[in-house]
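Colleague: Let me see the structure of the following:
(one chain, ligands or ions: 2)
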Amino acid sequence: MGDSVKVAVRVRPFNSRERQEGAELCVSMNGGTTKIWSKETGFEKEFNFDYSYWSHDGSIEDPVTGMLKKASSSSNYADQQTVFNDLGVEVLDNAWNGYHVCLFAYGQTGSGKSYSIVGYGANKGIIPITCEEIFTRIRQPQPKKIDFQVEVSMLEIYNEQVQDLLVPPAGREKGGLKVRENPKTGVYVEGLKKVIVGSYQDISNWLDKGNEHRTVGATQMNATSSRAHTVLTISFTQLFYDENTGKPLNRKQSDINLVDLAGSERAGKTGATGDRLAEGSNINKSLSCLGKVITALAKKSQPGGKGEVVPYRESKLTRILQNALGGNSKTTMIAAISPASYNFDETLSTLRYADQVKAIKNKAIVNET
Ligand code: ADP
Ligand code: MG
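Modeller: Numbers count the residues shown, from 1 in each chain. Ligands and ions are numbered 1, 2, ... in the order given. Below is the predicted model of the structure:
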């Protein structure tokens, strides 16, 4: 069934300001390898990932030829469809096989997380393409008698508070929703709205509502960037029946978690002060705890690391994603990076984070009853 953990790095193009100012490139890619360097210090490091995606729009030098124009020689170019074909299709295959999956985008604000996960306009990201594809697959003639059930929930973690994005802000619980644990079924968010959807249009309508209900904070780095973690969960169930008697046989269930994380930069860099700073430290709580969980899972993957304790309980994000990040699910990370040397520190830190994720070896299990 392939590796349980996949890691892709994706570099965004230079933006118009960077092009005007002649920003310098500090990364290159070749095959799965992403290289980063600093002209100032002479530092150089190469990382190997499952995928290293170069921007497709020709606004940064070709990693192979050094030219600005798109060159067909480069195998690293990736547009939205390429990324979906590599990562999204596998998410769907895993869901169909009954695994929990988690695909998350990590990186500093403005590095392309939302571009990959949600997309902008006609450049649809993984969420809309995946949702569309789910119903395309369901509508195909099935070899066996199967019923499908698709349910959606969407939440935001902001200042360590969990908010239901499918509910308008006026109707929300004060202080956010509680995260609880059921000894049998695991962690859940109490009272979180879960809606049954029967078509792509259905999901799409709910996503639009969810996006309207998001908390968006303006920072100096990116005026529209969210300071919150957004988690979309598609609960996908297949009910199998006996061809002859029509009696129910078994069921497979999968939670597909698609996560757009808040910016990974340290609070200082965004020019945060006052309230924003308090926000920053809470954002860091969930993010730094995600880092600790990843480190612990990586250690657990080493020989003799079985006893390693994974600190899921220390933040809302890691508690909620416990089922999806744990030892028995399929995890995909998109590490979003900037090509420009002035973001060197953040980019190196993102690449190191991604390298840790790569070290995790999960043994995914099928959720079948
Ligand atoms: P983040 O969610 O990490 O804060 P965004 O996804 O909003 O960042 O991306 C910042 C800007 O860069 C947006 O204008 C987006 O359209 C652009 N961008 C990011 N990644 C790509 C890409 N791979 N190709 C083209 N444009 C991109
Ligand atoms: Mg974003």
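
Colleague: Quick one: residues contacting the residue of the stretch 101-250 of the chain at minimum distance from ligand 1.
Modeller: Closest approach of the stretch 101-250 of the chain to ligand 1 (C-beta to the nearest ligand atom) occurs at Gly112, with a separation of 2.9 Å. In short, each C-beta sits where N, CA and C put it, glycine included. Gly112 is in contact with Arg10, Val11, Arg12, Ala105, Ala336, Ile337, counting by C-beta atoms under 8 Å, 6 or more residues apart in numbering.

Colleague: same question, Thr318
Modeller: Residues near Thr318 by C-beta under 8 Å, 6+ apart: Ser286, Cys289, Leu290, Val293, Pro311, Tyr312, Leu325.

Colleague: In the stretch 251-369 of the chain, where is pLDDT below threshold?
Modeller: 266-284, 327, 362-365 (pLDDT under 70).

Colleague: next one: phi and psi at the closest residue to ligand 2 within it?
Modeller: As assessed by C-beta to the ion, ligand 2 sits closest to Asp260 within the stretch 251-369 of the chain, at 6.0 Å. Main-chain torsions, Asp260, degrees, to the nearest 10: phi -110, psi 100.

Colleague: Quick check: it vs Met333, distance?
Modeller: Distance, Asp260 to Met333, by C-beta to C-beta, to the nearest Å: 12 Å.

Colleague: Leu103 too?
Modeller: Distance of Leu103 to Met333, given as C-beta to C-beta: 8 Å.

Colleague: Quickly find the element holding the most centrally placed residue in the chain.
Modeller: Taking C-alpha atoms, centre = their mean, the centroid of the chain lies closest to Phe104, which sits 1.4 Å from it. Following DSSP states H and E, one finds Phe104 within strand 101-106.

Colleague: repeat for Ile138
Modeller: Here Ile138 sits within helix 126-139, counting by DSSP H and E.

Colleague: would you list every one of the helices in the chain?
Modeller: Under the criterion DSSP state H, the chain contains helices at 16-20, 80-83, 89-96, 113-117, 126-139, 200-212, 274-300, 316-320, 322-325, 344-358.

Colleague: coming back round to it: among the contacts of Thr318, which one lies nearest to Glu90?
Modeller: Comparing the contacts of Thr318 against Glu90 with C-beta to C-beta places Leu325 closest, at 16.7 Å.

Colleague: mind checking how far the closest one is from Glu24?
Modeller: 36 Å.

Colleague: what about these two, which has more around it?
Modeller: The neighbour count for Leu325 versus Glu24, taken as other C-beta atoms under 10 Å, is higher for Leu325 (27 against 13).

Colleague: That one against Val293, yeah?
Modeller: Yes - Leu325 is within contact range of Val293, at 6.4 Å (criterion: C-beta atoms under 8 Å).

Colleague: Would you mind listing what in the stretch 51-200 of the chain touches ligand 2?
Modeller: Contact residues (C-beta under 5 Å from the ion) of the stretch 51-200 of the chain with ligand 2: Lys113, Ser114.

Colleague: Nearest spatial neighbour of the residue in the chain positioned nearest to ligand 2, chain-adjacent residues omitted?
Modeller: Here the chain gets closest to ligand 2 at one residue, Ser114, 3.2 Å apart by C-beta to the ion. Closest residue to Ser114 apart from its sequence neighbours, by C-beta to C-beta, 6 or more residues apart in numbering: Asp260 at 5.6 Å.
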